[in-house]
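*Asks:* Only the shape, not the letters, is given here:
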């Protein structure tokens, strides 16, 4: 289908000028129309009304920044990842448990883990690609929304920059141990930081 409606979303961010009409406003060649004023919230132009010091804003900004920095988070293949809880068999878990998926691009793997429970911490052993993560390999945490929201790594499991060893199950499947992910928080790890 047509995804041109995404160019209308700019109004939420108070642009100084709107994009030109039609294909003339579609990047990369299209641009802004300097003849028209921007139309932001409450009749503003060039400003937004988001509370940039608010924890939710900081979480989203941090996730957007790592997405921008790592191409593997924007393109490539995507796979839901099975999770083993309390040494049980790896499986895609139901509501209220952690949810994990990988993005893969060439030899890179990015693992995204979300605690879908709103009030309790969660954890598990999350399977990753064994061919891309050899025995003795590590995955590096590049985003931890709990740390970003608190603006401190104090008491945070899996802080940004920490390396989690890639371990093996008896059948050779590779996994990383995710522990005590707070409610509604997100971790992003990569095998090539």
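*Replies:* Yep, that arrived. Nothing here was measured: the structure is a model prediction, and the numbers come from that model.

*Asks:* The residue nearest the centre of the chain is in what secondary structure piece?
*Replies:* Closest to where the C-alpha atoms of the chain average out (C-alpha atoms, centre = their mean) is residue 63, at 4.9 Å. Under the criterion of DSSP states H and E, residue 63 resides in helix 55-69.

*Asks:* Run the chain-centre distance for that helix.
*Replies:* Distance of helix 55-69 from the chain centroid (C-alpha atoms, centre = their mean, to the nearest Å) equals 8 Å.

*Asks:* Could you give me the buried positions within that helix?
*Replies:* Using 16 or more other C-beta atoms under 10 Å as the burial criterion, the residues of helix 55-69 that qualify are 58-59, 62-63, 66-67. Using the backbone N, CA and C atoms, a C-beta is placed for each residue, glycine as well.

*Asks:* Please apply the same query to stretch 72-90.
*Replies:* Neighbour counts over stretch 72-90 (16+ other C-beta under 10 Å) mark 72-73, 81-84, 90 as buried.

*Asks:* Report the contact partners of the residue nearest to the centre of the chain.
*Replies:* Residue 63 is in contact with 143, 145, 186, 188, counting by C-beta atoms under 8 Å, 6 or more residues apart in numbering.

*Asks:* Model confidence for it, exactly?
*Replies:* Per-residue pLDDT puts residue 63 at 97.

*Asks:* quick one: low-confidence parts of this structure?
*Replies:* The model of the chain has pLDDT under 70 over residues 1-13, 41-43.

*Asks:* Show me where this structure has its helices.
*Replies:* With DSSP state H as the criterion, the chain has helices at 55-69, 145-150.

*Asks:* Make JSON lines from the ones you listed and add distance to residue 164 to it.
*Replies:* JSON lines is the format used below for these (distance: least, C-beta to C-beta, whole Å):
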{"stretch": "helix 55-69", "distance to residue 164": "16"}
{"stretch": "helix 145-150", "distance to residue 164": "15"}
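
*Asks:* Figure out which of those helices is closest to residue 166.
*Replies:* helix 55-69 (19.8 Å; C-beta to C-beta).
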